[in-house]
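[1] Prediction below, plus the sequence it came from.
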Amino acid sequence: MHLTNPERLVLDFASARLAVSAKNSAVRLGPVSQIRMSQFTPNVTRVVIELSAASAYDLQSRGSEVLVNFTDLKSSQQATIESQAALNDSALAAVLSSSDPPFSTNSSTTSDTPVEPAPQSPAGAGTNSGTQTSQPSQEGSQQHGKGPFASQQPQPAGADKPPKGKKKPVYTEDTRWRTYSLEGVPQFGYHLWDTYNANRIKGDYPLAGKWFTETDVFQNLVFKERRNLDFSSNPTLAQQIDNGTLHFFSHNNFVDENVIFGTELRHNDDRFFPSDFRIHVDGSVDWKHEPTAFDNKSEGHAQVFDAFSDIQLHNFGTVNFNQMFLRGGLQFFKSDFHGLIFNDVGLGGRVFGNSLSNRLRYDLVALKLFQKDAVSGFIDFTKPSEHVVAISRFTWEDFLVTGWNSEWSVHWNHDPRKLGHENSNQLNLDTYYVGTTLNGNLGRFIFNPAIYGVFGNADHLVDGEKVQHDVRAWTSVLDLEYPFDFWKFRVGYVYASGENGKSAAKKTDTGFDAISDAIQLFGGPIDYWVGEDVKFGKGDFVRANSLFPSLRGTNAQANYINPGIQMVNTGFDVTVTPRVFLSFNANWFYFNDTGSYTIGIGNGKTAQTVINHNNAGVEENIFIRWKPFLHQINDFVILDAGFGVLQPLPGLRDAFGSSRPVYTLQIVPRLIF
């Protein structure tokens, strides 16, 4: 096609690829001033010939060359300049995987004299020209299927042999669902079952119109050898063990076969345009063997733990996608970056949205929480519960410094518990958590601090009488990381205020406890203190995935009468190879207060323990992740292994009556589809 302002001629070559490094060439030949080349689309190569003045032209195909002939209009056919812009010249050294000549080379002339179009060549290489010219024979360009620039292509063995039959050209269908390499070559196609191609199952190809569906399956198989802290010397628990109502197993050969499945139906694909409606369901099938220190049975469970729907309430503009949504149903919510205060599942509603291109986000959440099975951790809908949590969270990205983000939240924890069947014996708990978590980069460092305070009221039963206590407690976390090449060095510190066990006199509880926390800090599930459910009878000295020694029974209220904790961490992460990742942590634990404490041990019963020393213990853990396959399937087959050992110091020896080190060794193969 011929374009003006400025004068230029555009040639498009179908089913062709550009294979040159220099894509611009300055030329001083007649009216031609410059030649530019580009990969216009994945299957079209474009050549632009810049002209210094308007000129008549025609196109000729000569073997493996395309000739562009220009005529200076001012010479009035007395002087003709033939600019043989052969694309096999050094200025147009482009290798094209095509046998097709340009398909959109409609030429024109600036002359006022009417002209008649030249006839089309048999191969379609010639197009309308500004002057009547005879077209050369195209037989040369048809031999052996050779097209423009075929002479420059590397020819395979036997390329000179005549073809057995004419092959039909193959044209790809260009849609935005296709992915291309840097050279513009399609990488993957569509396949219904192959997850390494686009398909409807994994949600990167539309189901119909703008509707998408996505299905995921995660398989975890956990093998764990664990030695448990020995609580059998506690007088109350020893009595239960003697009469057969409680058992203690010093070792667990724990096995957990867990399959998590999820499916989602949504309108619009979140990759290109935010979804304005979705239905999401997650479930799990679980089988456990020797799960706890007091239970060596095998149990299987199956449950849906996520079932919700999202509806767009308002769209504030299509430029920044500032929107507001309503989510209703059984849903998971993590209220802060670390999961320090609330990280659980409940039934209720959530209003959430964003502004300023997602820099500002907000959440308003109200959830009803349920009792959970002590072994599986799944919700037990058959047990009554009046536990309600309301959370307001505001997230501000690039807070004060670019790359450093902040979360500000307020939690209301309402958890009344009935004693018997009369409301007059109900123990009420109403507490409020206020605080902030920050995370992200401060220059070269990654700094993730947090601070939270809790206040409110909690009822206690003292000599059969209900007594109301004030709650005043706080916690803080410092997590500092320094990445260096393939290393990341870390230090961390945790402080949670404690109670000395004398709150009955002053009626103020100062030991910090969360609503329902679940963290991944300082070793996470590999760390014995954080990852294991440290049992004290059928109650919890430290709940699984928690930092705080809450001393509360399974499914019990938050307990603000506990010794509190200080924790110091140091460690590092290292990417050994693209397949192997390693992490190491060393932790020291220190009780902030000492005294006599009551621990819920299940079935409404309690036990007393006395802590006389502050030093609680030291712990080391190491974690290794191996990805046996690289490239596309790098994250679909994973093998995790970890080992953690906890050495009790005088504080834990006081509580449990044992100084024997305990450990956890686990191997976890994971498959993701």
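    Yep, it's here. Remember, it's a predicted structure, so these values are computed and weren't measured experimentally.

[2] What is the neighbour count of the residue lying closest to G531 once chain neighbours are set aside?
    With CB to CB, 6 or more residues apart in numbering as the criterion, G531 has its nearest non-adjacent residue at 3.9 Å, and that residue is P525. Quick note: C-beta positions are derived from backbone N, CA and C, even for glycine. P525: 20 surrounding residues under other CB atoms under 10 Å.

[3] Also L367?
    That count, for L367 with other CB under 10 Å as the rule, works out to 22.

[4] same check, this time on W287
    15.

[5] how much space is there between G498 and S546?
    Using CB to CB, to the nearest Å, we find G498 at a distance of 15 Å from S546.

[6] out of those two, which sits in the more crowded spot?
    G498 (26 against 23).

[7] Now do the same for T577: helix, strand or coil?
    Three-state assignment for T577 (DSSP: H, G, I helix; E, B strand; the rest coil): coil.

[8] longest strand in the protein, by residue count?
    strand 465-484 (DSSP state E).

[9] Name the strands paired with that one and say parallel or antiparallel.
    Looking at strand 465-484 with DSSP bridges, its partner strands are strand 445-447 (antiparallel), strand 450-462 (antiparallel), strand 487-496 (antiparallel), strand 508-509 (parallel).

[10] So what touches the second one?
    When contacts are defined by CB atoms under 8 Å, 6 or more residues apart in numbering, strand 450-462 is touched by residues 336-338, 340-341, 413, 419, 426-438, 466-477, 504, 509, 512-513, 557-558, 560.

[11] if you set the cut-off to 6 Å instead, what comes out?
    For strand 450-462, contacts defined as CB atoms under 6 Å, 6 or more residues apart in numbering pick out 338, 340, 427-435, 437, 466-469, 471-477.

[12] after the lowest-mean-pLDDT helix or strand in the chain, next one along is what?
    The helix or strand of the chain with the poorest confidence is helix 139-142; it has a mean of 39 (mean pLDDT, DSSP states H and E). The helix or strand immediately downstream of helix 139-142 is strand 211-227, counting by DSSP states H and E.

[13] So which bits of stretch 568-587 are buried?
    568-569, 571, 573, 581, 583-585, 587 (16 or more other CB atoms under 10 Å).

[14] Give me the subset of these that lies in strands.
    Using DSSP E, these in strands are 568-569, 571, 573, 581, 583-585, 587.

[15] Looking at those residues, which one is closest to D58?
    Using CB to CB, F581 comes nearest to D58 of those, at 64.0 Å.

[16] give me the beta-bridge partners of the closest one?
    Here F581, judged by DSSP bridges, has bridge partners T575, R625.

[17] Now L369. Nearest residue, chain neighbours left out?
    In space, L369 is closest to H387, 4.2 Å off (CB to CB, 6+ apart).

[18] How about the backbone phi and psi for the residue nearest to G531?
    The phi/psi pair for P525 (degrees, to the nearest 10) reads phi -70, psi -20.

[19] The one 4 residues further on too?
    Backbone torsions for W529, taken as degrees, to the nearest 10, come to phi -70, psi -40.

[20] Kindly report the same for K418.
    Dihedral angles for K418 - degrees, to the nearest 10 - are phi -90, psi 140.

[21] cool, F325 as well?
    The phi/psi pair for F325 (degrees, to the nearest 10) is phi -130, psi 160.

[22] isn't it right up against D310?
    Yes - judged on CB atoms under 6 Å, F325 makes contact with D310 at a distance of 5.3 Å.

[23] between those two, who's got more neighbours?
    Legend: neighbour count by other CB under 10 Å for F325 and D310, higher for D310 (22 against 19).

[24] Please report how far the residue nearest to G531 lies from Q303.
    Look at P525 and Q303: by CB to CB, they are 21 Å apart.

[25] related to what we said a few turns ago, most tightly packed of the strands paired with strand 465-484?
    Mean neighbour count (mean count of other CB atoms under 10 Å) peaks for strand 508-509 among the strands paired with strand 465-484, with a mean of 20.

[26] how about the helices in the protein?
    139-142, 235-242, 503-506, 528-531, 650-656 (DSSP state H).

[27] Nearest to N315 among the ones you listed would be which one?
    helix 528-531 (41.7 Å).

[28] Could I get the average pLDDT for the closest one?
    Averaged over helix 528-531, pLDDT sits at 91.

[29] swap in stretch 12-21?
    Mean predicted confidence for stretch 12-21 is 71.

[30] In contact with L639, which residues are there?
    626, 669.

[31] List the beta-bridge partners for it.
    The residues that L639 bridges to, once DSSP bridges is applied, are W626, P669.

[32] Looking at the strands paired with strand 465-484, which is nearest to F673?
    strand 487-496 (30.1 Å).

[33] Go ahead and produce CSV holding the CA coordinates of that closest one.
    C-alpha atoms of strand 487-496 as CSV (Å, rounded to 0.1, in the frame of the first residue of the first chain):
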residue,chain,number,x,y,z
TRP,A,487,21.2,-16.0,49.8
LYS,A,488,18.7,-14.3,52.2
PHE,A,489,19.8,-13.7,55.8
ARG,A,490,17.2,-13.2,58.4
VAL,A,491,16.8,-12.1,62.0
GLY,A,492,13.5,-11.9,63.9
TYR,A,493,12.1,-11.0,67.3
VAL,A,494,8.7,-11.6,68.9
TYR,A,495,7.3,-10.2,72.2
ALA,A,496,3.9,-11.2,73.7
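
[34] Endpoints of stretch 51-58, how far apart?
    Stretch 51-58 has its terminal residues 14 Å apart, counting by CA to CA, to the nearest Å.

[35] That'll do, ta.
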